[in-house]
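Compute the structure for the input listed below.
(4 chains)
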Amino acid sequence: MEIEAFLSLFKKPFTVKYPFEPSPAPEGFRGRTEFTDDCVGCGACAAVCPAEAITVRDEGDTRVLKVDHGLCIFCGTCQDTCPWEGIELTEKFEMATLDKETVYDEVEHELIFCEGCGGVITTRKHMEKIQESIKDVGLIDKDRATIENLCTSCKRRHFAKEISEAMSLGS
Amino acid sequence: MFPYRWPVLIRVSAVRIGDLMDVQPFISVLIVPGLLFTSVMAFLYAGMYRKVRARMQNRRGPPFVQPFYDFIKLLSKDSIKPEKSGMLFTWAPIIALASVLIVPILFPIGGLSFAGDLIVVIYVLNVSAIMLAVGGFSSGSPFGAVGGSREVTQLFAYELPLAISMVAVAVKASSFSLVGIAGAQEAGGMFFYQLPFACIAFLSIIPAKIGLQPFDIPEAEQEILGGPFVEYSGYRLAIFTFANQVKYFVVISLAVILFFWRNWWQFLITGFLLWLLFIFVKIISARVKTDQSFVFFWQYMGILALVDLVRVVI
Amino acid sequence: MDMVVQFGPQHLALAEPERFKVHTEGEKVVDVEVAVGYNHRGIEKLAERKTFEQDILLVERICGICSMSHPVAFTQAVEDIAGVDIPERANYLRMIIAELERIHSHLLWAGIAAEIIGIETLFMYIWKDREYVLDQLEIITGNRNHYAWNTIGGCRKDITEKHIPPLLTALEVVERRTEYYIDAFLRNRTIRARLVGTGILPREDARKLCTVGPTARASGYAVDVRKDDPHLAYDKVDFAEIVLGEGDNMARAKVRLLEILESVKIIRQAAKAIKGLPEGDIAVPVAEIPPGESVGRYEAPRGEVFHYVKSNGTFYPERVKVRAPTYSNIQAVPTMLMGDTLADVPISLASIDPCFCCTDR
Amino acid sequence: MEAEEFIEKLKELLGRNLLEYHIGRRNRVFVKVKNGYHRDVVSWFQEMQAHLSVISSVDLGDELELVYHFEIRPLEVGLKTSASKAKPHIETISDIYPSAAWYEREAMEMMGIVVVNHPDPRHLFLPDDYTEFPLRRY
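Numbering: from 1, shown residues only, chains lettered A, B, ... in the order given. Got it, this is the predicted structure:
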């Protein structure tokens, strides 16, 4: 150890002058969680988050998804769960701030409402994505398309009525 | 309105004092080997210690004047006095600093000197070591007490070989004053090859004297949280650490004067080189336990110093 | 004068809060009272409130430096309940990250041990070389710790072709430096003076108190979950189980440093093995967890991590019992410290590589 | 010793008091024993130099159960005994396995099981004045 101690007097120090010199995180680093443009506001990430850091709030006609970096444990579960890569962990790790309120990332989506009972169905983008994914499955047909602006409970009532009529007609 | 009279007043009084009494003792006490020079050198030694240690550990390390910044910062912090601590809690650091500052005044580089000042040096250095122990005891915390008792046991351990080697040098130079010793070395060549054993004994005691590894047992921060320093803060801690830093400089230069003296500028250079050697020893050795240090000092170093004393006396 | 020195909850030598009341006569230790519980966060209760997938990440955060041991033990227990066999590549992936973690955890301990006995330089060097391993972990898993590497049924990320060359070069550096540290620990006289013959744990006490991991192996009590109850892919790689007999601090240091060399060997064999396996086949979907119970055991750097999981058919576990290695090693500390001087207490405490946040959960 | 052979030996030792047993994957064996007989099984384990990993406590609704986890190479045995919630008295085994003392103290403070003649029944993790039993579910 003695020789190395003497020799390292003349070597460049191993330490980096961060924060004066940048010390970037490698690619694939699980840093600041941020919503991307592909986010449709479906709320799957909020359901799965172990630390319950992602909250979904419906205000008036917009749905607000907010990830609180104070709670987030940067585990990447949301990123793995999101079917449309709507949320991702960037390589930013410098989140120090004096104001606790600024430590979050938010995204807003326009909601659509049910004609039957006026309740919230989901965000418009999410409905488009659903139709897109079931379009090539061939389920969409002309009269079916009129129903999708009903919320799930109204839809159930609607189909129940349809079936009971068909049965009463049939008997 | 700026009092214009002041500069005139100062100039006039300086002239009158100048011829009234000899100014030289003021200079030597306050400036050259005294307060100003020693404190600058102490801060430099401490700064170098941290910088060289860092470089040897592949780190960048703080700037050279960091100890000066620390001193100023500590002065601005408030100093908490524990309830159970005695009156000596405040006085211990001050006496330690005062006793350590006396020694450089006797240095042969233009300082005062009188017949038996080597004895004063031995006594005064012990006062500062004891004050460290007193500070530990008076702080009222068990860690301080353990630190204090360790300091005293270590004091006994290294006191014997230290005194013997100093006496050997004094007998060799047949004078008990630093200037006399320096003069003898200027005439007859450096003492370290004439009294090799005493020199080895003295050099190996220095780490224990100033609290560097492998013998910094009193301030073992991992075991007893810094020993005597545990309850100190604010200006009291500033004075204590400054006293310690001055001790670094004083003990190293004492070694240079006793064994490696040729002239005053060579004194400075050898001081730095010796200091580098001790930093190097510090960073490559672990801290030994009290009983191991006791054995090391009493058996090995004691005998070495004795051999040289006998050799000189005969 | 007998005195009670308290190595209190906040002490420089202990990285985490734990209280040791040391009764001494003069400087000799006569009796030690241990107080745990400063770090109790009720993780077992919280685990019953979260789903199995979320529990993996919760359990991972029980401890900072062994954040691969708890998830592996937990997932293996759940996979036993579900009766799932994870793909062979997933076993190798888990093993590589587990061994990398063992290397950086042992290096961390060696640095702290050197710093406690006073050599700050060795501490700086060892932690410098630890950075090579941590950088590789950051590149592969996305974080220096808390790797989020496991899911029930396999792994969440893969070690691709481009990760392996830098990993192997980092291992070469670590191997060369570890041999240098073994030599430094054994040859330096002042280190020997502090480590040899202090904190002795005889083999009989190690067996009676059921100590685990390097603390037990250094006293000659051969327990190593990788050999006794082979999990992951430990039965497919050959490595030596380091068992020494002296049982003092130096033996514990030697066991840990030699284990680093073994881990390097394991990772090399594993890296060669996953080259042959198809890339991407790293997890098996697990639909639901039937009611049942099982035990997950894993050889963490500090010893055997033990998870007992009981499920009741829902997505939430009925009971999760976690036992960290320090929980049993800490009971051997009083016998270790008996008769030593006060100066040896910190190094003997640190020699079991305590992880109090694991102990208290 | 294989799992089946181990169960046979237990049947000889306990007869009717061996309530149920279950052999899982990777030779995990769970054995339920009537309260009070577990001490003989533990002493038998001790003769075989078994390694006590931990003692877990489980809330079964109307009963409180203690699971003694032993490692008898190559088996991983979970020895279970339970007592009613009204009178949760279970004999200590800390005289046979000293390290069991702490695990039993934890079971006492977390689940409320009363371990009979335990050497040092103080709280371990929870503060001394904490009276509820946090890990109880029903």
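
what about B:Ser174, neighbour count?
10 (other CB atoms under 10 Å in any protein chain shown). Any C-beta I mention is one placed from the backbone N, CA and C, and that applies to glycine too.

now the nearest residue to it once chain neighbours are set aside, what's its secondary structure?
Leaving aside its sequence neighbours, B:Ser174 sits nearest to B:Ala184 (CB to CB, 6 or more residues apart in numbering or on different chains; 7.3 Å). With DSSP: H, G, I helix; E, B strand; the rest coil as the basis, B:Ala184 sits in helix.

Quick check: B:Ala184 vs B:Ser177, distance?
Taking CB to CB, to the nearest Å as the measure, B:Ala184 falls 10 Å from B:Ser177.

got the contact list for residue 2?
Using chain A. B:Phe280, B:Ile284 (CB atoms under 8 Å, 6 or more residues apart in numbering or on different chains).

actually it's chain D I care about, not the one you picked
Contact criterion CB under 8 Å, 6+ apart gives D:Asn27, D:Leu75 as the residues in contact with D:Glu2.

Go again with 10 Å.
By CB atoms under 10 Å, 6 or more residues apart in numbering or on different chains, the contact set of D:Glu2 is D:Glu8, D:Ile23, D:Asn27, D:Pro74, D:Leu75.

distance of it from chain B?
In this structure, D:Glu2 and chain B are 51 Å apart, going by CB to the nearest CB, to the nearest Å.

Next one, pLDDT for that residue please.
At D:Glu2 the predicted local distance difference test score is 84.

what do you get for D:Glu8?
Here the pLDDT value assigned to D:Glu8 is 89.

Next, count neighbours for it.
Residues lying near D:Glu8 (other CB under 10 Å) number 11.

Is it correct that it falls within a helix?
Yes: secondary structure of D:Glu8 (three-state DSSP): part of a helix.

How about the contacts made by it?
With CB under 10 Å, 6+ apart as the criterion, the residues that contact D:Glu8 are D:Glu2.

Would you mind finding the longest helix in chain A?
The single longest helix within chain A, with elements called by DSSP state H, is helix A:152-170.

any idea how far B:Gln299 is from the residue nearest to B:Ser174?
Separation of B:Ala184 from B:Gln299 (CB to CB) stands at 30 Å.

related to what we said a few turns ago, just among the contacts of D:Glu2, which is most surrounded?
Highest neighbour count within the contacts of D:Glu2: D:Leu75, with 18 neighbours (other CB under 10 Å).

Now that residue. Nearest residue, chain neighbours left out?
The shortest distance from D:Leu75 to any non-neighbouring residue, by CB to CB, 6+ apart, is to D:Asn27 (5.1 Å).

Quick one: residues contacting the one you found.
When the contact criterion is CB under 10 Å, 6+ apart, the partners of D:Asn27 are C:Asp229, D:Glu2, D:Ala3, D:Phe6, D:Ile72, D:Arg73, D:Pro74, D:Leu75, D:Glu76, D:Val77.

Repeat that for A:Gly86.
A:35-42, A:44-45, A:65, A:78-79, A:107, A:125-126, A:129.

before we move on, what about C:Leu342?
For C:Leu342, the set of contacting residues under the criterion of CB under 10 Å, 6+ apart consists of B:146, B:150, B:220, B:223-224, B:289-290, C:3, C:5, C:7, C:22, C:24, C:26-29.

and the closest residue to chain A within the stretch 101-250 of chain B, what helix or strand is that in?
Using CB to the nearest CB, the closest approach of the stretch 101-250 of chain B to chain A is made by B:Gln213 at 13.1 Å. Here B:Gln213 sits in a region with no helix or strand, counting by DSSP states H and E.
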